[in-house]
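S.K.: Only the shape, not the letters, is given here:
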Ligand SMILES: Cc1cc2nc3c(=O)[nH]c(=O)nc-3n(C[C@H](O)[C@H](O)[C@H](O)COP(=O)(O)O)c2cc1C
């Protein structure tokens, strides 16, 4: 299982090529709580503000909206 800096395209290629069995997502899930649905529909992704990821409360960590 691979992770770190993957987007949907790169992850799909890595699985298709047999480089990895699966890819997990961390950062993208923070700013896109409905990440799987967005991948499925090709919806735009929210980039997220990394400066608030490690703030210690929900602001910018668990309060991003779904589509
Ligand atoms: C806000 C945040 C906190 C994280 N905290 C830890 C941690 O405490 N320990 C750890 O091993 N990895 C931690 N990670 C790394 C993730 O577990 C995961 O390996 C990484 O985010 C995956 O890559 P991606 O964010 O590019 O999808 C953290 C990542 C983020 C974004």
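M.R.: Sure, I can see it. Quick caveat: nothing in here was measured; it's all calculated off a predicted structure.
S.K.: Nearest to the ligand within this structure, name that residue for me.
M.R.: Residue nearest to the ligand within the chain: residue 26 (2.4 Å; Cβ to the nearest ligand atom). (Glycine included, C-beta is placed from N, CA and C.)
S.K.: right, and that residue touches residue 3 too?
M.R.: Yes: Residue 26 is in contact with residue 3 according to Cβ atoms under 8 Å; the separation is 6.3 Å.
S.K.: Residue numbers of this structure in contact with the ligand?
M.R.: 3, 4, 5, 25, 26, 27, 28, 53, 54 (Cβ under 6 Å from any ligand atom).
S.K.: so what sits against both of residue 26 and residue 3?
M.R.: When Cβ atoms under 8 Å, 6 or more residues apart in numbering defines a contact, no residue borders residue 26 and residue 3 alike.
S.K.: Looking at the longest helix anywhere in the chain now, give me its mean pLDDT.
M.R.: Counting residues, the longest helix in the chain under DSSP state H turns out to be helix 8-16. Helix 8-16 shows a mean pLDDT of 97.
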